[in-house]
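In: sequence first, predicted coordinates after that:
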Amino acid sequence: MKLKSILLGVAASAVLAAGTIPAALADGHEGELYIPSLSYRTGPFAGGGIPFANGFADYLNMLNERDGGIGGIKIKVEECETGYNAQKGVECYEATKGNGALVYNPLSTGITLQLIPKAPVDKIPVLSMGYGLSAAGIGEKFPYTFTYPTGYWSQMSSILKYIDANGGLKGKKIGFIYLDAGYGREPIPLLEQLGPKLGFEWVGFPVAGKDMQNQGSQWLNVRKERPDWMIMWGWGAMNATAVKEAKKIRFPLDKFIGNWWSGAHADLDPVGADGKGYLAANFSGIGTDYPALQDVIKHVVDKGNSKSDKDKVGDVLYNRGLFNAVIVAEAIAAAQKATGKKAITGEDMRLGLEKFDLSNARLKELGLEGFTGAVKGDCADHEGGGSVFIQQWDGNDWKRTTDLIEPMNDVVRPLLEDAAAKYVSDKPDWKGQTCG
Amino acid sequence: MDLLNEIFVSPFGLMFDIPDLLIQTIWEGFVSGVLYALIALGFVLIYKASGVFNFAQGIMVVFAALTLVGLYALGIPAWLALLLTLGVMALLAIGVERFVLRPLVGQNDAILLMATIGLTLFLKGAGESIFGGEPKSMITTELGLPTGVSDWEVFGGRVSFQHLDIAAVVIATIMVIGLAVFFSKTRIGRALRAVADDHQAALSVGISLNQIWAIVWFAAGIVALVTGIMWGARSDVSFALEVIALKALAVLILGGFTSIPGAIVGGLIIGIGEKVFEVYWGGLFGGGVEAWFAYVLALIFLLFRPQGLFGEKIIERV
């Protein structure tokens, strides 16, 4: 076969793999609260995308069934498959934004980075819940982007606080293994700045997307560098492989901490008992022992209207998706209250997100007492100052092992402000906002 | 000066200072190389017999492994599930021959390649519909594969040998020898080589092209299943495994598209080369060199020896 033929075929495959956006997404949704769900149920990251999308859809569908929607208006959740691909994510955005979309939840830092400049133009907010651009938590510079309940930099600082409380940070070597993509690289500037300040050394181990299940070299490097702790920013199939490789080189798993995308049931179920001791950050409850989860089971899952198996309801990522839906629902309610309108727009939704106040009392009302910490945003704070807790894999299930750990706000906030200012510095037309 | 030191001095100093790490690196590279060679073998088998570059080989690895764990999840004993998976791969081979290749006999190479891309999308969709997109655990112990580790205390350090990796090397070696014997000593094997040399001549002496294609696709299916089991046991079974197969492209460019020994030697060069380069010279590039090392090496080969180490030199009359 000639090289020309092969190249032709590869080019054609790229066209095929890019896929197409269903024309059906072009309908309007008047009289409904229209929430596009940029999900991924296919591809190498589907293991994380599926439970998240299920939890997100099930909670909003439960509100439809139990309460008739929000403020008497039904919610319409429409999924668009992105495959965790930024280009497809943008295609989904363009195909759905004209339908009265209230908010976008990209579930991908790569897609989020593409949507951030579009959000103020189209006046549709982006809620990158705990992911995306950390600096987007600065409301003055990013009026249309929110990272509730917290961001990557804050989370990294909470993890460093945990390490500091468990043997100290000063003089330690921290290994950082990460997916070599926008998501994985996001906390590197923070490590670069905090290392000298807090007296630790860090060394990075990038894992290419196509080598997620082929990490032998990275872990040989870990063995060579001998870090005291390992921190992971992994996603999808990368996580299980990393834990197995860590076990293989006999790295102590109770000194290996994943971020909140590296600590799901989908990640550790394939590892099983070999993963015992591995730690991960989390900010949403585990299990179904919450009245709101019981309502989801009663009104959606038991009626056969969920895409999730019943035994997967309550898993880490299912509950994370559900929490994302809770933030969306609460912001819609806040927007309705602030504007006096039932059918709101993206601009109203932005207002609702700025008035977001998920107190412990409100969590109790929602049937989610103890599910997460209180989160409150405002015009200036689009991050919410949320905390994380640390959970540990016991060989069979995740167990929460710490209370909520607040981020190092005093250190991180100025760094975020600097990063936000730098982001907009070369964009003369960028519109920020002034907060009272 | 620092750069020269980083290139020519400190890596060798590190090899000398921590020799156990060097041995471990070479062993890990050897195991990866054997697995790359297995994937490449699947490509070579089909290319030799039909001239088709089988873009679907990577997804066949995933599909075979998913079928195995999926059947086991239904309560079927592991070894029976393995036999049934072989049956599924045989049906797939017959289906590919009957519905994909046969209608396209005599078509341009690019069309045949496109057909295998179509097959990739079909298998991906079918796999996700039937088994779901979540990662699954390989049934390693249920299949009787060893899972322990043996340590070798050497040069004041330790080299660890995972029993699973040893098993992968042994099984891959048996498979390669088996395939080599099959193709050189059996009647079907000789027929296959005849088809590979000249389709028309093979047809004229009564060799059934359809039968040979089905057999060779089944052989590639078996190779895919073994690769899926071994790689799945090292991490898990997910659709991310498909992209590992892309590395076999570099292996093929190194070894030659038509050479079984080439696939093995190419796999080992890339497996060991990328590990050694990552560990000792990776820091020069900020790490992550494993992602591109194989392709750069392949590019260099394309420039200086496009037919690969063992491939046949292409002479085209113009």
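Out: The structure has been received and is ready for your questions.
In: residues contacting the residue of the stretch 1-150 of chain B found nearest chain A?
Out: Of all residues in the stretch 1-150 of chain B, B:Gly133 sits closest to chain A, at 2.8 Å by Cβ to the nearest Cβ. Quick note: C-beta positions are derived from backbone N, CA and C, even for glycine. By Cβ atoms under 8 Å, 6 or more residues apart in numbering or on different chains, the residues touching B:Gly133 are A:Arg41, A:Thr42, A:Gly43, A:Ala46, A:Gly47, A:Gly49, A:Ile50, B:Ser238, B:Phe239.
In: can you tell me, leaving aside adjacent residues, what's nearest to it?
Out: Of all residues not flanking B:Gly133 in the chain, A:Ala46 sits nearest, at 2.8 Å (Cβ to Cβ, 6 or more residues apart in numbering or on different chains).
In: count the residues that sit near the nearest residue to A:Pro106 once chain neighbours are set aside.
Out: On the basis of Cβ to Cβ, 6+ apart, the spatially nearest residue to A:Pro106 that is not a chain neighbour turns out to be A:Thr112, at 4.6 Å. Applying other Cβ atoms under 10 Å in any protein chain shown, we find 27 residues neighbouring A:Thr112.
In: repeat that for A:Ala374.
Out: A:Ala374 has 17 nearby residues by other Cβ under 10 Å.
In: let's see stretch A:421-435 as PDB, backbone CA atoms only.
Out: The C-alpha trace of stretch A:421-435 is given here as PDB (Å, rounded to 0.1, in the frame of the first residue of the first chain):
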ATOM      1  CA  ALA A 421      -4.900  40.300  35.500                       C
ATOM      2  CA  LYS A 422      -2.300  38.600  33.300                       C
ATOM      3  CA  TYR A 423      -5.000  36.700  31.400                       C
ATOM      4  CA  VAL A 424      -6.800  39.900  30.400                       C
ATOM      5  CA  SER A 425      -3.700  42.000  29.900                       C
ATOM      6  CA  ASP A 426      -3.300  41.200  26.200                       C
ATOM      7  CA  LYS A 427      -7.100  41.400  25.500                       C
ATOM      8  CA  PRO A 428      -7.900  45.100  25.000                       C
ATOM      9  CA  ASP A 429     -11.600  44.500  24.400                       C
ATOM     10  CA  TRP A 430     -12.100  42.300  27.400                       C
ATOM     11  CA  LYS A 431     -14.900  43.500  29.700                       C
ATOM     12  CA  GLY A 432     -14.600  43.000  33.400                       C
ATOM     13  CA  GLN A 433     -16.800  44.400  36.100                       C
ATOM     14  CA  THR A 434     -16.500  46.600  39.100                       C
ATOM     15  CA  CYS A 435     -17.700  45.100  42.400                       C
END
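In: which residues touch whichever residue of chain A sits closest to chain B?
Out: Using Cβ to the nearest Cβ, the closest approach of chain A to chain B is made by A:Ala46 at 2.8 Å. Applying Cβ under 8 Å, 6+ apart, we find A:Ala46 in contact with A:Tyr40, A:Gly236, B:Glu128, B:Gly132, B:Gly133, B:Glu134, B:Ser238, B:Phe239.
In: again, only using 7 Å
Out: By Cβ atoms under 7 Å, 6 or more residues apart in numbering or on different chains, A:Ala46 lies in contact with A:Tyr40, B:Gly133, B:Glu134, B:Phe239.
In: would you map the helices across chain B?
Out: Counting by DSSP state H, chain B has helices at residues B:2-4, B:10-17, B:19-50, B:57-73, B:78-95, B:109-131, B:163-185, B:187-197, B:199-204, B:209-234, B:241-244, B:247-255, B:260-281, B:290-304.
In: tell me the most buried of those?
Out: Comparing the helices of chain B by mean neighbour count (mean count of other Cβ atoms under 10 Å in any protein chain shown), helix B:247-255 ranks first with a mean of 28.
In: related to what we said a few turns ago, got the phi and psi for the residue of the stretch 1-150 of chain B closest to chain A?
Out: B:Gly133 adopts backbone torsions of phi -90, psi -10, taken as degrees, to the nearest 10.
In: can you check the pLDDT for it?
Out: B:Gly133 carries a pLDDT value of 84.
In: again, but for the one 3 residues further on
Out: Looking at B:Lys136, its pLDDT is 89.
In: one step back: could you say which helix or strand contains the residue nearest to A:Pro106?
Out: Here A:Thr112 is covered by helix A:109-115, with elements defined by DSSP states H and E.
In: tell me the mean pLDDT for that helix?
Out: 95.
In: contacts for the next helix or strand along the chain from that helix, please.
Out: Counting by DSSP H and E, the element after helix A:109-115 in chain order, helix or strand, is helix A:118-122. Outside helix A:118-122, the residues within contact range by Cβ under 7 Å, 6+ apart are A:Tyr93, A:Lys97, A:Pro125, A:Val126, A:Pro143, A:Tyr144, A:Thr145, A:Lys431.
In: from the rest of the structure, what touches whichever helix or strand comes after helix A:118-122?
Out: Downstream of helix A:118-122, the next assigned helix or strand under DSSP H and E is strand A:126-127. Residues from elsewhere that reach strand A:126-127, judged by Cβ under 7 Å, 6+ apart: A:103-106, A:112, A:115-116, A:119, A:144-146, A:148, A:327-328, A:353.
In: interface residues of the stretch 201-318 of chain B facing chain A?
Out: Within the stretch 201-318 of chain B, the residues that sit near chain A (Cβ under 7 Å from any Cβ of the partner chain) are B:231, B:235-236, B:238-241, B:243-244, B:246, B:274-275, B:278-279, B:282, B:287-288, B:290-291.
In: which positions within stretch B:150-158 qualify as buried?
Out: For stretch B:150-158, burial by neighbour count (16 or more other Cβ atoms under 10 Å in any protein chain shown) applies to no residue.
In: can you give me the end-to-end distance of it?
Out: One end of stretch B:150-158 to the other measures 10 Å (Cα to Cα, to the nearest Å).
In: that stretch near chain A anywhere?
Out: No: remark: stretch B:150-158 sits outside contact range of chain A, by Cβ under 7 Å from any Cβ, the gap being at least 9.0 Å.
In: next, A:Arg350: phi, psi?
Out: On the backbone of A:Arg350 - angles per degrees, to the nearest 10 - the values are phi -60, psi -40.
In: so where's the chain uncertain?
Out: Reading this off chain A. A:1-30 (pLDDT under 70).
In: my question was about chain B
Out: Using pLDDT under 70, chain B drops low at B:312-318.
In: so what's the residue nearest in space to the middle of it up against?
Out: Against the mean C-alpha coordinate of chain B, by Cα atoms, centre = their mean, the closest residue is B:Ile39 at 0.9 Å. Contact partners of B:Ile39, counting by Cβ under 7 Å, 6+ apart, are B:Gln57, B:Val61, B:Thr227, B:Ala245, B:Ala248.
In: just checking, the second one touches B:Ala224?
Out: Spelled out, it's B:Val61. Yes: between B:Val61 and B:Ala224 there is a contact under Cβ atoms under 7 Å: 4.6 Å.
In: quick one on the thing from earlier: export the contacts of B:Ile39 to a markdown table and tack on distance to A:Glu365?
Out: Converted to a markdown table, the contacts of B:Ile39 look like this (distance: Cβ to Cβ, whole Å):
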| residue | distance to A:Glu365 |
| --- | --- |
| B:Gln57 | 55 |
| B:Val61 | 50 |
| B:Thr227 | 54 |
| B:Ala245 | 52 |
| B:Ala248 | 56 |
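In: and which of the residues you listed is nearest B:Gly256?
Out: B:Ala248 (12.8 Å; Cβ to Cβ).
In: quick one: residues contacting A:Phe283.
Out: Contacts were defined as Cβ under 7 Å, 6+ apart; by that measure A:Phe283 touches A:Gly130, A:Pro149, A:Thr150, A:Trp260, A:Thr372, A:Gly386, A:Val388.
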